[in-house]
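A.B. asks: Just need the structure, nothing else, for what follows:
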Amino acid sequence: MGAILHDSESVNLMTAISNLAVNIQPSGNLRPFDAQRDLRTVADLVELCFADNLDPDGQRYLQQMRAAASDPSYLRWTRAFAKGTSLPLSGYVWEQDDKVVGNLTLIPFFSPNYRYYLIANVAVHPDYRRRGIAGQMTTRALDYARLRGARAVWLHVRQDNAGAIAMYAHAGFSERARRTTWYYQHGHHDALDIDPDHLQEFSMPGARVQRRRTSEWAIQKQWLDMNYPRELRWHVSISPRSFRPGISGFFRRFFKDIHVQHWSVYREQQLLGVLTWQSAYNYADHLWLATDVDSGAGALTKLLQHACQHSALSRPLTLEFPAGKAAKAIHFAGFTERQTLIWMELKFK
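C.D. replies: Take a look at the predicted model:
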């Protein structure tokens with residue numbers, strides 16, 4: 001249904017820890033989120049708290065929230081199918097002084113043998129921060145998930161939000177990964193300045209880009225599983241298996257109504273990476289980079305630049321990749337770093 005805003009209340013490090021430690025009960029009312037009553041108010045609150053970080057997908061997400069708030073019949077329908085939408089249909093709000101000043105969205109994800117939740121849209125009005133509100137909402141959300149048999153709760157937090165990271169760590173969350181999101185806008189990018197002594201590293205005249213061969217799928221899948229681990233793919237609507245050549249991959253793409261293109265990069269006879277362009281209904285199409293990330297930076301830069309020039313549509317492109325890996329190659333190809341998120345998980349015993 002749209003992008004999920006992954007961030008949290010920016011809180012002072014020591015205040016956050018001490019608030020949880022002494023179980024401060026801030027004055028106010030913590031209650032379950034009510035879509036008909038709260039959806040528009042929460043959209044306004046999220047926009048206020050994350051104004052500096054909203055991308056076009058985030059803006060569209062807020063528009064969807066406001067449109068749903070104006071359509072009671074739509075709200076009744078989405079409530080019946082809450083498992084299939086990213087609209088905030090469950091979670092908690094904090095009321096104080098006769099207004100909603102805090103929100104936490106709790107999104108369920110189910111598989112045959114695994115139930116877990118994602119905490120998102122944690123927002124506290126700037127005038128009410130550092131009062132323990134985010135901590136109280138998080139504690140209630142964890143209790144809710146535990147009582148419903150969830151095996152784990154996940155959340156994403158910006159790596160520069162030290163206070164929130166400390167608060168979540170104190171609550172029992174552990175860091176599982178750091179992922180950087182990169183954006184490419186056709187005609188709106190600047191190449192990374194490279195030290196002349198390292199320029200040859202990015203030129204790599206012997207590298208060549210070509211269409212992916214069927215025989216390259218095995219190593220591509222191995223690299224995809226390494227760069228996009230299975231335990232971190234539950235939030236995306238597509239599996240790399242949809243990139244498989246042959247009839248099985250064709251039917252997966254047909255029923256999901258997606259289009260893909262693949263390119264490989266070689267240096268002499270050595271395969272260094274495979275890049276997949278995937279169509280999307282969001283603001284930007286997606287790129288999936290399969291490589292062992294120890295390959296030459298120049299080859300990866302050439303592969304990314306080729307995809308930007310030859311993708312089916314001249315739409316913005318987004319690439320998510322492990323933080324710090326191949327960063328210079330991606331940047332030199334014309335991509336801009338949007339944000340780096342820390343993935344944190346709390347497992348229930």
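A.B. asks: any weak-confidence spans in the stretch 101-250 of the chain?
C.D. replies: Low-confidence regions of the stretch 101-250 of the chain, defined by pLDDT under 70, span residues 112, 187-205, 235-238.
A.B. asks: Which residue ranges of it form helices?
C.D. replies: With DSSP state H, counting those that start in this stretch applied, the stretch 101-250 of the chain shows helices at 133-147, 162-171, 199-203, 217-227, 247-256, listed in chain order.
A.B. asks: Which parts of the fourth one count as buried, going by neighbours?
C.D. replies: This points to helix 217-227. When burial is assessed from 16 or more other C-beta atoms under 10 Å, helix 217-227 yields the following buried residues: W217, I219, Q220, K221, W223, L224, N227. Where C-beta positions appear, they are placed from N, C-alpha and C, glycine not excepted.
A.B. asks: ok so, going back, distance to E47 for the helices of the stretch 101-250 of the chain - can I get that in TSV?
C.D. replies: Output for the helices of the stretch 101-250 of the chain, formatted as TSV (distance: least, C-beta to C-beta, whole Å):
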stretch	distance to E47
helix 133-147	18
helix 162-171	19
helix 199-203	39
helix 217-227	33
helix 247-256	31
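A.B. asks: So for T301, which of these sits nearest?
C.D. replies: Shortest distance between T301 and the helices of the stretch 101-250 of the chain, using C-beta to C-beta, is found for helix 199-203: 5.4 Å.
A.B. asks: quick one: which of the helices of the stretch 101-250 of the chain is nearest V46?
C.D. replies: Among the helices of the stretch 101-250 of the chain, the nearest to V46 by C-beta to C-beta is helix 133-147 (13.6 Å).
A.B. asks: what comes up buried for that closest one?
C.D. replies: In terms of neighbour count (16+ other C-beta under 10 Å), helix 133-147 has its buried residues at I133, A134, G135, Q136, M137, T138, T139, R140, A141, L142, Y144, A145.
A.B. asks: ok, now stretch 284-301?
C.D. replies: Taking 16+ other C-beta under 10 Å as the neighbour-count basis, stretch 284-301 is seen to contain the buried residues 284-291, 293, 295-301.
A.B. asks: What is the end-to-end distance of it?
C.D. replies: Taking C-alpha to C-alpha, to the nearest Å, the span from the opening residue of stretch 284-301 to its closing residue is 20 Å.
A.B. asks: pLDDT (mean, whole number) over that stretch?
C.D. replies: For stretch 284-301, the mean per-residue pLDDT is 85.
A.B. asks: likewise stretch 321-339?
C.D. replies: Computed over stretch 321-339, the mean pLDDT rounds to 92.
A.B. asks: First-to-last residue distance for that stretch?
C.D. replies: The straight-line separation of the ends of stretch 321-339 (C-alpha to C-alpha) is 11 Å.
A.B. asks: quick one, strands of the stretch 151-300 of the chain?
C.D. replies: For the stretch 151-300 of the chain, the strands defined by DSSP state E, counting those that start in this stretch occupy 152-158, 174-184, 207-211, 260-267, 270-278, 285-290.
A.B. asks: so what secondary structure elements neighbour the last one?
C.D. replies: Right, the one you point to is strand 285-290. Counting contacts by 3 or more C-beta pairs under 8 Å, 6 or more residues apart in numbering; DSSP states H and E, the secondary-structure elements packed against strand 285-290 are helix 217-227, strand 270-278, helix 297-310, strand 317-322.
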